[in-house]
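>>> turn this into a structure:
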Amino acid sequence: MSPRLPSDEPGFAARVATNQAERLAQLAKTYDFIVCGAGSAGSVLARRLAENSAVQVLWIEAGGSDDRPSVMEPAAWPTNLGSETDWGFVAEPNPQINGRSMPMSMGKVLGGGSSINVMVWARGHRSDWDYFAQEAGDDSWNYEHVLGIYREIEDWQGAPDPLRRGVGGPVHVQPAPDPGPAALAMLNAALEMGIPTHQSPNGAMMEGPGGAAISDVLIRDGKRHSLFRAFAWPYLDRPNLTLLTHAQVNRVIVEGGRAVGVEVVRNGAVERFDAAHEVILSLGAIQTPTVLMRSGIGDGEELSRAGVRVLHRLPGVGRNLQDHVSFGCIWEYREPIAPRNSGSEATLYWKSDPALADPDLLFCQVEFPVPSPETADRGVPEHGWTMFAGLAHPKSRGRIHLQSGDLLSKPRIELNTFSHPDDLKAAVACVRLCRDLGNTRAFQHLVTREAMPGPLGQAEMERYVRDAAVTYWHQTCSAKMGRDEMSVVDNHLRVYGVQGLRIADGSIMPRVATGNTQAPCAIIGEKASRFIRGAHGL
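Residues are numbered from 1 along each chain as shown. As a prediction, this is how the structure comes out:
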């Protein structure tokens, strides 16, 4: 059992409810900081700013409470997809995936993606962080510096690794407890193929060519331990943190080249809140650029077409959109095996080409059959397991477009999966490696057959990956950090050309991190809080 925390006490939830009711009854017109979005990065940032009792923070979230079984029960995460806790975005039809429209789920609930995801904690590869530092021109983003932050925020429950893991922090991280037989078979399959295995995917494994390991997960006492619960929940009984739920940010109010507040739609009414110091957007890679564009910040031609008055030309807003695309390969069990934990307990990172220095493939095991709608007619076994074989570093780039400047106007999402020909080549290599893994001796005692894709020729395999392609829900990079003309924020996450405005979410990544994205988003929230506190002497 985990050590008890003050926020675990029976009376704490009542204190939070009382305090937040008082805060809402006394809503101010002006706060020191306004944090927009209660997802992974926003949860970290709101907590860190509220740690200073002299600072008044307004925290705005479009969704509602996370206190529901679909969020808190680890195995129930699929029930969030398409529900009220999901924004339910859908990308435009894409001819590269046979005209399909890719669903792009994102969390619309306290905790954001960290409340509806598969709870995997994946820090990103050393090369990711070193690339971020290079793009930003700032060594504080490199792997060695970020590793220190990870050690500070983790409460690691696995085998001691003092060089890479920390204890006593707010994030309760553990290897998936008592993993199922398919997860263990995957590690043996990797060894059979000459791929090394590791005690954790977040130690030495992500400093070299990759390998396989039991996944690290955010599960505490059998319940989801989202970044909202880890960071922000323990501070919601404080008088200087006001949480406004079921409130959607329409635009940032910019006057004289400075962000001075936000326009919010709540209960059907438009309200304005001002920020004495800064507005921070933590709305995710789809909503953050959309809000910027509705605010008049973005590509001039794009804004003019949407009927939005241009306040500041920033052509990179909405560009560089990236996501991990994956392809489900399915095997039939000899007999039913119930999923354990979240149903995703083992992971593997490897290379599509031995000449590559770093892993470019991402494999995530799921302990039940998950076809795409287009591959389901190939025959889905009643009982089986799926390997999601994915591209860790796709070269295709998408874009978020603004359709109109109307209140809460929805974006148009151009995902562009497979628009770069190298991605299709890597996808075929990825699925072939996946088939080799699943058909090793290690799995023979568990499975009767490979249900899909099976042994296909090149043309049929290309058709399969186009039909099978689905998202890992790792939408990122649409307001990237950097120094070129397509960059949106600088190394301190300040929006170029607009004072008092920062972005702290996955949209600032110059490229999508290797692996699941909630852990890198926690780092982005931490970095933002340190930049802000340093700038304002907090």
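>>> hey, let's count contacts and neighbours off CA atoms from now on
OK.
>>> quick one: the strands in the stretch 351-500 of the chain?
Listed in chain order, the strands of the stretch 351-500 of the chain (DSSP state E, counting those that start in this stretch) span residues 361-366, 384-391, 399-402, 411-414, 447-452, 469-471.
>>> so H198 makes contact with A212?
Yes. Shown here, H198 and A212 form a contact pair, counting by Cα atoms under 8 Å, at 6.2 Å.
>>> neighbour count for these two, which is higher?
A side-by-side neighbour count of H198 and A212, using other Cα atoms under 10 Å, places A212 first with 25 against 16.
>>> who's in contact with stretch 121-134?
With Cα atoms under 8 Å, 6 or more residues apart in numbering as the contact definition, stretch 121-134 has outside contacts at 139-143, 146, 173, 201-202, 206-208, 215-218, 358, 481, 509-511, 513-520.
>>> so where's the stretch 251-400 of the chain uncertain?
Within the stretch 251-400 of the chain, no stretch has pLDDT under 70.
>>> now for H198 and A212: what residues contact both?
Counting by Cα under 8 Å, 6+ apart, the common neighbours of H198 and A212 are M205.
>>> excluding its backbone neighbours, what's nearest P453?
C329 (6.2 Å; Cα to Cα, 6 or more residues apart in numbering).
>>> ok, now which ones touch the one you found?
Here C329 is in contact with P371, T386, M387, F388, A389, V431, C434, R435, A451, M452, P453 (criterion: Cα under 8 Å, 6+ apart).
>>> cool, E374 as well?
Residues D467, A468 are the ones in contact with E374 under the rule Cα under 8 Å, 6+ apart.
>>> ok, now how distant is it from S83?
Applying Cα to Cα, to the nearest Å, the value for E374 to S83 is 22 Å.
>>> what do you get for L311?
In this structure, L311 lies at 36 Å from S83, with Cα to Cα as the measure.
>>> which one's more surrounded, those two?
Of the pair L311 and S83, L311 is the one with more neighbours under other Cα under 10 Å, namely 18 against 14.
>>> so the more buried one sits against R294, correct?
No. L311 lies out of contact with R294 (Cα under 8 Å); the separation is 10.3 Å.
>>> returning to that earlier point: which of the contacts of stretch 121-134 are buried?
Taking 16 or more other Cα atoms under 10 Å as the criterion, what is buried in the contacts of stretch 121-134 is 139-143, 146, 173, 201-202, 206-207, 215-218, 358, 481, 509-511, 513-520.
>>> restricted to strands, list these.
Judged by DSSP state E, strands contain the following of the buried ones among the contacts of stretch 121-134: V173, D216, V217.
>>> from L446, how far out is the closest residue to the last one other than its chain neighbours?
Here the nearest residue to V217 in space, its sequence neighbours aside, is V120; by Cα to Cα, 6+ apart that works out to 4.5 Å. Taking Cα to Cα as the measure, V120 and L446 are separated by 24 Å.
>>> compare the two (neighbour count), which wins?
For the pair V120 and L446, the greater number of neighbours falls to V120 (27 against 20), based on other Cα under 10 Å.
>>> got phi/psi on the more buried one?
Backbone torsions of V120, given as degrees, to the nearest 10, read phi -80, psi 140.
>>> from memory it sits against I214, does it?
No. Between V120 and I214 there is no contact, the gap being 10.3 Å when judged by Cα under 8 Å.
>>> where does the stretch 1-150 of the chain dip in pLDDT?
Applying pLDDT under 70 to the stretch 1-150 of the chain picks out residues 1-3.
>>> redo that, cut-off 90
1-10 (pLDDT under 90).
>>> residue boundaries of the helices in it?
Under the criterion DSSP state H, counting those that start in this stretch, the stretch 1-150 of the chain contains helices at 12-25, 40-50, 69-72, 126-136, 143-153.
>>> ok, R441 to M186 distance?
As for R441, its distance to M186 is 10 Å (criterion: Cα to Cα).
>>> what are the buried residues along the lengthiest strand in the chain?
Ranked by residue count and defined by DSSP E, the top strand of the chain is strand 269-281. Residues F273, D274, A275, H277, E278, V279, I280, L281 are the ones in strand 269-281 that count as buried (16+ other Cα under 10 Å).
>>> the first one touches V262, doesn't it?
Yes. Distance between F273 and V262: 5.5 Å, which falls inside the contact criterion (Cα under 8 Å).
>>> which residues touch the residue nearest to V217?
V120 is in contact with S215, D216, V217, L218, N516, Q518, counting by Cα under 8 Å, 6+ apart.
>>> closest to P162 out of these?
D216 (16.4 Å; Cα to Cα).
>>> hang on, the closest one packs against Q174?
Yes. With contact taken as Cα under 8 Å, D216 and Q174 are classed as touching, separated by 5.4 Å.
>>> before we move on, the earlier item: tell me which of the contacts of V120 is nearest to E462?
Ranking those by separation from E462, with Cα to Cα as the measure, puts N516 on top at 25.2 Å.
>>> pLDDT wise, what is that closest one at?
We have a pLDDT of 95 for N516.
>>> spatially nearest residue to it (excluding sequence neighbours)?
Using Cα to Cα, 6+ apart, the nearest residue to N516 is A122, at 5.4 Å.
>>> number of nearby residues for that neighbour?
In terms of burial, A122 registers 22 neighbours under the definition other Cα under 10 Å.
>>> over to H536?
As a burial measure, the neighbour count of H536 was computed by other Cα under 10 Å and equals 9.
>>> now do D221
Here the number of neighbours of D221 (other Cα under 10 Å) works out to 10.
>>> same check on R294?
Burial of R294 is recorded as 28 neighbouring residues (other Cα under 10 Å).
>>> repeat that for A50.
Using other Cα under 10 Å, the number of residues around A50 comes to 22.
>>> then R68?
By other Cα under 10 Å, 8 other residues sit near R68.
>>> do P455 as well
A count of nearby residues for P455, using other Cα under 10 Å, gives 11.
>>> so what pLDDT did it get?
Per-residue confidence for P455 comes out at a pLDDT of 95.
>>> give me every residue that touches it.
Counting by Cα under 8 Å, 6+ apart, P455 makes contact with nothing.
>>> now the helices for the stretch 401-538 of the chain?
In the stretch 401-538 of the chain, helices defined by DSSP H, counting those that start in this stretch lie at 421-438, 458-468, 518-536, listed in chain order.
>>> tell me which of those approaches S70 most closely.
Evaluated with Cα to Cα, those place helix 518-536 nearest to S70, the distance being 18.4 Å.
>>> please identify the buried residues of the closest one?
Quick answer for helix 518-536 (16+ other Cα under 10 Å): 518-532.
>>> okay, now A91: neighbour count?
What A91 shows, counting by other Cα under 10 Å, is a neighbour count of 18.
>>> distance of A479 from V495?
Taking Cα to Cα as the criterion, A479 is separated from V495 by 9 Å.
>>> higher neighbour count, these two?
Set A479 next to V495 and count neighbours by other Cα under 10 Å: A479 wins out with 36 against 23.
>>> mind checking pLDDT for the more buried one?
Per-residue confidence at A479 stands at 98 (pLDDT).
>>> that one and E332, how far apart?
Relative to E332, and taking Cα to Cα, A479 is found at 42 Å.
>>> tell me which of R441 and M186 has more neighbours.
Between R441 and M186, counted using other Cα under 10 Å, M186 has the larger neighbour count: 26 against 13.
>>> so who does the more buried one touch?
With contact set as Cα under 8 Å, 6+ apart, M186 has these partners: A346, L437, G438, A442, F443.
>>> do the same with P209
If you count contacts by Cα under 8 Å, 6+ apart, then P209 has Y349, W350, K351, A357, D358, P359 around it.
>>> next up, the contacts around the fifth one.
By Cα under 8 Å, 6+ apart, D358 lies in contact with S127, G208, P209, G210, W350, K351.
>>> lovely, talk soon.
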